[in-house]
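> next one to model:
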Amino acid sequence: MTNTRIRPNGYGAYLRLLFLNRQHIRQNRHAGRDPASGVNRWFPALAGKTNLVSIIAGLIICILLTALFTTGCSHSSESSPAESICLEANEFFAQGNYEASLGEYEKVIEEEPETADRVLFEMGIIYAHPGNERKSYQKALECFRKIISDFPDSDYRRDSQMLMLQIQNVIVKDRLIAAQQAQINAYRREIKSREHEIVALQKKIGTLEQKVFDLRTEPADKVLIEKKRRRLTLISKGEAIKTYRIALGGNPVGPKEREGDNKTPEGNYTIESRNRHSDYHLSLRISYPNERDKKRAKGLGVSPGGDIMIHGVKNDLSWVGEFHAEIDWTEGCIAVTNKEMEEIVRLVPNGTPVEIRP
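The predicted model follows:
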């Protein structure tokens, strides 16, 4: 069969031309010529930028020639079975059907054994193509090795050597990544196996902290209530000694303005009294309203209200426990569990400052 030229498909042409462009740059430098001199005449703005010009020139050439290569395997007026098969291989490659493309290239080798080096090069590219879900670096290397061993005069020999080096580097990196990922997975399994130990230690810490707290006799010197965080903190000498989850008034956003608005106050107050016989399992009265609250209510022409307490859960509902804090259910008071209220009453004397933040 004569006058038949098997052209590489678009991806192969792209890679091959990048390699040829690098080779051209090296040859020009050895000869003492500027590798970008020709381009500089056409693009004077890029003069002196050798690396950038070389890359741009290579990409422009690749794009133009790729468009030509993907139109078919030959421009000969004569047709041949190999040409038809090559066209089908290119079409399958463009569609992402790499297995079918490889099958067609194998047929080309059978039809025209003299083109085997070119076809093997294309097959090596497809085997290593990142879009090929069934890619095989080993099969790609086999294709390139066969070109080097069986076709010593092939134009594809040098490119095959370079691609083999690239693929071998990728294989080494993939193995390193796999080994490191395996180590990560092993650490994760070890952490998971010890989760019960961590939980057990946390429970022990909690138990010891509670024992230390129960032995404490020095009172708190401040109560800090943070409405947004739903948190009450007992403070002694600037250090938080215990925190509690709380429930607020049913309309918690903003400061209390009037009687019946179901808002929890905001500002600075004190513990002014306590009720050990409260229906809500002990309570500490907060000195609401202060002067600022009274002035605001007067400006609105309303009563500021009162009876704002820190208290527990209703006596006959103590079994609810910490679940009471899932909703804001008071009429403006600050609520904790009954057990927590017993701790607070023990450590917070009358006159203790109370800061209520938004």
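
> tell me which strands and helices the lengthiest helix in the chain is in contact with?
When the chain is parsed with DSSP state H, its longest helix is helix 157-193. Packing partners of helix 157-193 (3 or more C-beta pairs under 8 Å, 6 or more residues apart in numbering; DSSP states H and E): helix 10-30, helix 116-128, helix 137-150. C-betas here are computed from N, CA, C, even on glycine.

> show me what secondary structure element comes after that helix.
helix 195-215 (DSSP states H and E).

> and for the next helix or strand after that next one, what's in contact with it?
Proceeding C-terminally, helix 195-215 gives way to strand 222-226 as the next helix or strand, assigned by DSSP H and E. Residues outside strand 222-226 that contact it (C-beta atoms under 8 Å, 6 or more residues apart in numbering): 231-236, 246, 271, 310, 334, 344, 348, 352-357.

> which among those count as buried?
232-235, 246, 271, 310, 334, 344, 348, 352, 354, 356 (16 or more other C-beta atoms under 10 Å).

> show me which of those is closest to residue 158.
Nearest to residue 158 among the buried ones among the contacts of strand 222-226, counting by C-beta to C-beta, is residue 233 at 74.1 Å.

> the closest one bridge partners, please.
Residue 233 forms beta bridges with residue 224, residue 243, as assigned by DSSP bridges.

> now the longest helix of the chain: average pLDDT?
The average pLDDT within helix 157-193 is 91.

> list the buried residues in stretch 329-339.
329, 330, 331, 332, 333, 334, 335, 336, 337, 338.

> and if you look at stretch 295-304?
For stretch 295-304, by 16+ other C-beta under 10 Å, it's 296, 297, 304.

> can you pull out the low-pLDDT segments for the stretch 1-150 of the chain?
Applying pLDDT under 70 to the stretch 1-150 of the chain flags the ranges 1-80.

> got the domain ranges for this structure?
The chain is divided into the following domains under automatic domain parsing: 10-174, 218-357.

> so which of those domains gets nearest residue 200?
domain 218-357 (20.9 Å).

> end to end, how far does the closest one reach?
With C-alpha to C-alpha, to the nearest Å applied, domain 218-357 spans 25 Å between its terminal residues.

> now it: mean pLDDT?
Here the average pLDDT along domain 218-357 is 94.

> ok, now how distant is the spatially closest residue to residue 241 that is not a sequence neighbour from residue 339?
Spatial nearest neighbour of residue 241, chain neighbours left out: residue 234 (5.2 Å); criterion: C-beta to C-beta, 6 or more residues apart in numbering. From residue 234 across to residue 339, the span is 15 Å (C-beta to C-beta, to the nearest Å).

> pull the longest strand from the protein.
Criterion DSSP state E: the longest strand present in the chain is strand 267-275.

> and it, what does it pack onto?
Strand 267-275 packs on strand 283-286, strand 353-357, going by 3+ C-beta pairs under 8 Å, 6+ apart.

> swap in 10 Å and give it another go.
Judged by 3 or more C-beta pairs under 10 Å, 6 or more residues apart in numbering; DSSP states H and E, the packing partners of strand 267-275 are strand 222-226, strand 283-286, helix 291-300, strand 309-311, helix 338-347, strand 353-357.

> quick one: residues contacting residue 332.
248-252, 256, 259-265, 286, 288, 305-309 (C-beta atoms under 10 Å, 6 or more residues apart in numbering).

> fine by me, we can end here.
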